[in-house]
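Novice: here is my input; please provide its structure:
(2 chains)
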There are 2 protein chains.
Amino acid sequence: MHKKAVVPLSGGLDSATCLAIAIERGFECYGLSFDYGQRHSTEIEFARGLARDWDLKDHLILNIDLGRMGGSALTDMNLEVPLDIRSEGIPSTYVPARNTIFLSYALAYAEVLSADCIFIGVNAVDYSGYPDCRPEYIEAFQKMAKLATKEGVEGKAVRIETPLIHLRKTEIVQKGLALGVDYSRTVSCYQADSQGRSCGRCESCLIRKSAFEVLNMHDPTVYVGNI
Amino acid sequence: MHKKAVVPLSGGLDSATCLAIAIERGFECYGLSFDYGQRHSTEIEFARGLARDWDLKDHLILNIDLGRMGGSALTDMNLEVPLDIRSEGIPSTYVPARNTIFLSYALAYAEVLSADCIFIGVNAVDYSGYPDCRPEYIEAFQKMAKLATKEGVEGKAVRIETPLIHLRKTEIVQKGLALGVDYSRTVSCYQADSQGRSCGRCESCLIRKSAFEVLNMHDPTVYVGNI
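Specialist: Have a look, this model is predicted:
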């Protein structure tokens, strides 16, 4: 019997690569996506596409009310998405406790499925401004998870795998291409339009675009204005 | 200016008492409740009532899809709520990772509000079967929370207060009465009906009923059949 893994799927480049890695390692994967009031809700459609492309066992899409709290340029339409790469500090696109909430649901789903692992595509290199993408945060979550759950108490705690955490974006793209990821089926833009076209100007677009440029590879992203 | 606290409110005896304690300690309180597909959804109305009675600054009620995952007698209508007090082990009413999910939202809300504390009415005495009610779990969550958030990184991590964690149900009731809690405005039953009447037979009812009996006090709970 295959080992099971829960894979949070944002529809982006990182989660698609993370999924391909989990599948390569032999896991039967269960996708988990969140409709949380994000301005780039088109990413849910990309996540659905990835779940189909990779023939996932199941794909749970949860509606969660995170956006109602505000506090982030990604969920508060009164705040602007910054159009550059920030040099330091925590950006306005940080969503309070987002990864903690996502990982908590993944933990619940993993417990219901008796899954062995959660594969999450967090990255501490390009997104060093987000506190909840750092290895020390993931380790602390792992410790908490062991104490939180029935399975943990019974000695079978779910393991949190972060295969991308120390990779540069270029390394992630190379890894994904080697595993057959079609990046035209992913979207990274913080404000992609309803047709899934990227702005090409927000931090997430700039980091993605730069990776393909450095690798001297074709960028399959559809940008607004370059159809 | 008052210090702020986020108080998860289930509408039950414990969270009502916890709220009264936070208010007594001088906090400006923000209620947080979850509609998560629980069979006793009438508790949301009790939470609303408590928020009004205690004149809370705000009361956020989030719809979250927790019930869709199943795995618990509280959210899966195909499972029966057990009608006795269990002697040991983790009960079928355990909801996978529920407190972790609730605390994660409380953490997000606290960060948006710049709140100092989260007051949560978990209890390790009567609910010793739930892994996510134990002090070691709360401590691990606190450590994770410091690493998870922008505020934590900036040195202002939210503090998680659990004033009921080591109290017996009788002590909780005495504490609450001293602070003016009207327990007729709370519901504890795992399967309360739509009019807020309790079954009187589930574990949560039995623990509550016994506390009033031991204290030789009037039990204001409305039970099905004793109107």
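
Novice: need the strands for chain A, in chain order.
Specialist: A:4-8, A:28-35, A:58-63, A:117-119, A:159-161 (DSSP state E).

Novice: distance to chain B, mean neighbour count and mean pLDDT for those strands - can I get that in TSV?
Specialist: To be clear about C-beta, it is placed using only N, CA and C from the backbone, and glycine gets the same treatment. Supplementary listing: the strands of chain A in TSV, determined by distance: least, CB to the nearest CB, whole Å; neighbours: other CB atoms under 10 Å in any protein chain shown; pLDDT from 0 to 100:
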stretch	distance to chain B	mean neighbour count	mean pLDDT
strand A:4-8	11	26	97
strand A:28-35	9	23	95
strand A:58-63	4	16	92
strand A:117-119	11	24	98
strand A:159-161	12	18	97
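
Novice: what sits against residue A:62?
Specialist: Contacts for residue A:62 (CB atoms under 8 Å, 6 or more residues apart in numbering or on different chains) come out as A:32-35, A:105, B:64-65, B:68.

Novice: how distant is stretch A:60-75 from the center of its chain?
Specialist: Chain-centre distance of stretch A:60-75: 15 Å, with CA atoms, centre = their mean, to the nearest Å.

Novice: low-confidence bits of chain A, can you list those?
Specialist: A:1, A:39-40, A:70-71, A:73-74, A:77, A:81, A:83-91, A:93, A:127-128, A:226-227 (pLDDT under 70).

Novice: scan it for its longest helix.
Specialist: helix A:98-113 (DSSP state H).

Novice: re earlier: go through the strands of chain A and name the closest to residue A:52.
Specialist: For these, proximity to residue A:52 was assessed by CB to CB; strand A:58-63 is nearest, at 8.3 Å.

Novice: neighbouring strands of that closest one in the sheet, and parallel or not?
Specialist: strand A:28-35 (parallel) (DSSP bridges).

Novice: what's in contact with the strand it pairs with?
Specialist: Outside strand A:28-35, the residues that reach it (CB under 8 Å, 6+ apart) are A:2-11, A:19, A:22-23, A:41, A:44, A:47-48, A:50-51, A:54, A:56-64, A:66, A:102, A:105-106, A:109, A:113, A:115, A:119.

Novice: show me where chain A has helices.
Specialist: A:13-24, A:42-53, A:98-113, A:135-148, A:150-153, A:169-178, A:203-214.

Novice: quick revisit: closest to residue B:177 out of the contacts of residue A:62?
Specialist: residue B:64 (32.3 Å).

Novice: shouldn't that closest one be in contact with residue A:64?
Specialist: Yes. Here residue B:64 reaches residue A:64: they are 5.3 Å apart, a contact under CB atoms under 8 Å.

Novice: how far away is the most far-flung residue of chain A relative to its centre from residue B:37?
Specialist: Within chain A, residue A:154 marks the point farthest from the mean C-alpha position, 29.4 Å out by CA atoms, centre = their mean. Per CB to CB, to the nearest Å, residue A:154 is found 25 Å from residue B:37.

Novice: what's the answer for residue A:138, then?
Specialist: Residue A:138 is 29 Å from residue B:37, by CB to CB.

Novice: list the buried residues for stretch A:212-220?
Specialist: Buried positions in stretch A:212-220, judged by neighbour count with 16 or more other CB atoms under 10 Å in any protein chain shown: A:212, A:219.

Novice: who touches that stretch?
Specialist: A:170, A:173-174, A:177, A:182-184, A:208-209, A:221.

Novice: likewise for stretch A:42-49?
Specialist: So stretch A:42-49 is in contact with A:9-12, A:15, A:31, A:33, A:35, A:59, A:61, A:185-187, A:192-196, going by CB under 8 Å, 6+ apart.

Novice: one more pass at 7 Å, please.
Specialist: A:9-12, A:31, A:33, A:35, A:59, A:61, A:185-187, A:192-194, A:196 (CB atoms under 7 Å, 6 or more residues apart in numbering or on different chains).

Novice: off-centre distance for it?
Specialist: That offset, for stretch A:42-49, works out to 12 Å (CA atoms, centre = their mean).

Novice: also stretch A:218-227?
Specialist: 21 Å.

Novice: try stretch A:45-58
Specialist: Its chain's C-alpha centre and that of stretch A:45-58 lie 14 Å apart, by CA atoms, centre = their mean.

Novice: please apply the same query to stretch A:5-13.
Specialist: On CA atoms, centre = their mean, the centre of stretch A:5-13 falls 5 Å from the chain's centre.

Novice: same check, this time on stretch A:61-81
Specialist: The answer for stretch A:61-81 is 16 Å, by CA atoms, centre = their mean.

Novice: send me it as PDB with only the CA atoms.
Specialist: The C-alpha coordinates for stretch A:61-81 follow below in PDB (Å, rounded to 0.1, in the frame of the first residue of the first chain):
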ATOM      1  CA  ILE A  61     -10.900  22.700  -1.700                       C
ATOM      2  CA  LEU A  62     -11.900  24.500   1.500                       C
ATOM      3  CA  ASN A  63     -13.700  27.800   1.800                       C
ATOM      4  CA  ILE A  64     -12.200  29.600   4.700                       C
ATOM      5  CA  ASP A  65     -13.000  33.100   5.900                       C
ATOM      6  CA  LEU A  66      -9.400  34.300   6.300                       C
ATOM      7  CA  GLY A  67      -9.900  37.300   4.000                       C
ATOM      8  CA  ARG A  68     -12.500  38.800   6.400                       C
ATOM      9  CA  MET A  69      -9.800  39.600   8.900                       C
ATOM     10  CA  GLY A  70      -7.900  41.800   6.500                       C
ATOM     11  CA  GLY A  71      -4.300  42.800   7.400                       C
ATOM     12  CA  SER A  72      -2.800  41.900   4.100                       C
ATOM     13  CA  ALA A  73      -2.500  43.300   0.600                       C
ATOM     14  CA  LEU A  74      -3.500  39.900  -0.700                       C
ATOM     15  CA  THR A  75      -6.900  39.900   0.900                       C
ATOM     16  CA  ASP A  76      -7.700  43.500   1.500                       C
ATOM     17  CA  MET A  77      -8.700  45.200  -1.700                       C
ATOM     18  CA  ASN A  78      -8.000  48.600  -0.200                       C
ATOM     19  CA  LEU A  79      -4.300  47.800  -0.100                       C
ATOM     20  CA  GLU A  80      -2.100  47.900  -3.200                       C
ATOM     21  CA  VAL A  81       0.100  44.900  -4.200                       C
END
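
Novice: between the two ends of stretch A:186-197, how far is it?
Specialist: 11 Å (CA to CA, to the nearest Å).

Novice: close enough to count as contact, residue A:116 and residue A:159?
Specialist: Yes. Taking CB atoms under 7 Å as the definition, residue A:116 is a contact partner of residue A:159 at 6.5 Å.
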